[in-house]
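**Student:** Sequence and predicted structure below; questions after.
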Amino acid sequence: RLVVRVYSTGTRQQAYLEVREDGTHEFSLRSEPLAALPSPWEKEEGVRPITTLEGEEALFLPFTGAGRSGLGKGGSPSDVSDEAGGGVYGYVFLYGARAFSTAGTELFLSLFGQDLGNSFSFAFAYYDIVKRQNEDPLTGLPNYRALDRDFTAFRALGERGMPIALLMVDIDRFKPVNDTFGHLAGDIVLRKIAQVLKEFAERRGGYAYRYGGEEFVLVFPGYTEAEAALVAEELRAEVAATPVNFPNFLGGGDLVTLHRTVSIGVAAYPDSAEELEDLVRNGDRAMYFGAKFRGRNRVGRYTLHVSA
């Protein structure tokens, strides 16, 4: 077994490559806490043997990047400095039985460790930029850009004959939360409901996105409109039963427990949309005409409440 781990202090991410004795391998990008990584962190030139926190013997090499953040005086990646030039930008670890099988392994790291580490660090930085562009910073959910990106995959599934259902979810009477308790309270409500939507979607093989404001989108590959309407009713009831706790930011700070409801519009390809791109529009119309205009805290279906 041979394991190569490249850790970037700039993005706090780790590339993990494991080659097993049977020839199979695993590669992944991970966000790792510092406690999971080997120590010590002191900067030393060249390759040196260390013992990881997991008790494994490993070869260790810090890699540098001109003009990048280096280690601070504390000797930990959490203490980065802004001094330009030559700072430690990450670490390469090589461990497993094969790591010490030949002296050539250490020579390999000495010669190529810097290039390997820097290549991964640039990949990490790019990955971090793309993630920020496609993630809503308040709720942590993928945003509308991510939804547009993922529609490529959904379209491919639809072309193979799989139905694709979309739920447009809007929080009812959200503005009074901000006006009565403050925008910080509104943020707490958004994060809590986003968490409920995310966990609900994952349990049923779906995907949750923050579309904008107090609107969210859930996509369920493999669901017809009728099936998605049943799922939407379960979601509506779950949100209504979920308490949200926060202090009254505009009052005396007393704890407030609030329940919010949601209005949901359901559309599906090909049941209620000839093209997959029509799902968002049709789901939005189903939400307004089938749920909002009928009293809120309801589920509207495009084929029943809009196109019928």
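**Tutor:** Looks like it arrived, so ask away.

**Student:** Residue 138 in helix, strand or coil?
**Tutor:** Following DSSP: H, G, I helix; E, B strand; the rest coil, we place residue 138 in the coil state.

**Student:** For it, grab the count of nearby residues.
**Tutor:** For residue 138, the count of nearby residues is 13 (other Cβ atoms under 10 Å). For the C-beta atoms, the positions are set from N, CA and C on the backbone; glycine is no exception.

**Student:** Which residues are in contact with it?
**Tutor:** 187, 190-191, 210 (Cβ atoms under 8 Å, 6 or more residues apart in numbering).

**Student:** Scan these and report the most crowded one.
**Tutor:** When neighbours are taken as other Cβ under 10 Å, the top entry among the contacts of residue 138 is residue 210 (27 neighbours).

**Student:** Tell me the buried residues in the helix or strand harbouring that residue?
**Tutor:** Following DSSP states H and E, the helix or strand that holds residue 210 is strand 207-212. By neighbour count with 16 or more other Cβ atoms under 10 Å, strand 207-212 contains the buried residues 207-211.

**Student:** quick one: average pLDDT of it?
**Tutor:** Taken as a whole, strand 207-212 has a mean pLDDT of 95.

**Student:** Now tabulate the contacts of residue 138 in CSV and tack on distance to residue 203.
**Tutor:** Putting those into CSV (distance: Cβ to Cβ, whole Å) gives the following:
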residue, distance to residue 203
187, 25
190, 21
191, 19
210, 19
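
**Student:** With respect to residue 271, which of the residues you listed is nearest?
**Tutor:** For residue 271, the nearest member of these is residue 210. The distance, counting by Cβ to Cβ, is 25.2 Å.

**Student:** which strand residues sit across from that closest one in the sheet?
**Tutor:** With beta bridges defined as DSSP bridges, residue 210 has these partners: residue 216.

**Student:** Can you verify my assumption that it contacts residue 143?
**Tutor:** Yes - taking Cβ atoms under 8 Å as the contact criterion, residue 210 and residue 143 are neighbours in contact, 5.7 Å apart.

**Student:** Next up, the contacts around the closest residue to residue 207 other than its chain neighbours.
**Tutor:** Take residue 207 and drop its neighbours on the chain: the residue closest to it by Cβ to Cβ, 6 or more residues apart in numbering is residue 219, 4.8 Å away. Applying Cβ under 8 Å, 6+ apart, one finds that residue 219 lies in contact with 147, 150, 154, 164-167, 206-207, 209.

**Student:** Of the residues you listed, which belong to helices?
**Tutor:** Counting by DSSP state H, the part of the contacts of residue 219 found in helices is 147, 150, 154.

**Student:** for the closest residue to the first one other than its chain neighbours, what are its contacts?
**Tutor:** Read that as residue 147. Closest residue to residue 147 in three dimensions, ignoring its sequence neighbours and counting by Cβ to Cβ, 6+ apart: residue 209, at 4.6 Å. Residues in contact with residue 209, defined by Cβ under 8 Å, 6+ apart, are 141-144, 146-147, 216-219.

**Student:** Spit out the residues that contact residue 210 and residue 143 alike.
**Tutor:** Counting by Cβ under 8 Å, 6+ apart, the shared contacts of residue 210 and residue 143 are residue 136.

**Student:** ranges for the helices of the stretch 151-300 of the chain?
**Tutor:** All helices of the stretch 151-300 of the chain, identified by DSSP state H, counting those that start in this stretch, fall at 175-181, 183-203, 225-240, 279-290.

**Student:** could those helices go into CSV alongside mean pLDDT and distance to residue 57?
**Tutor:** Shown next, in CSV, are the helices of the stretch 151-300 of the chain (pLDDT from 0 to 100; distance: least, Cβ to Cβ, whole Å):
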stretch, mean pLDDT, distance to residue 57
helix 175-181, 94, 56
helix 183-203, 96, 38
helix 225-240, 97, 49
helix 279-290, 95, 54
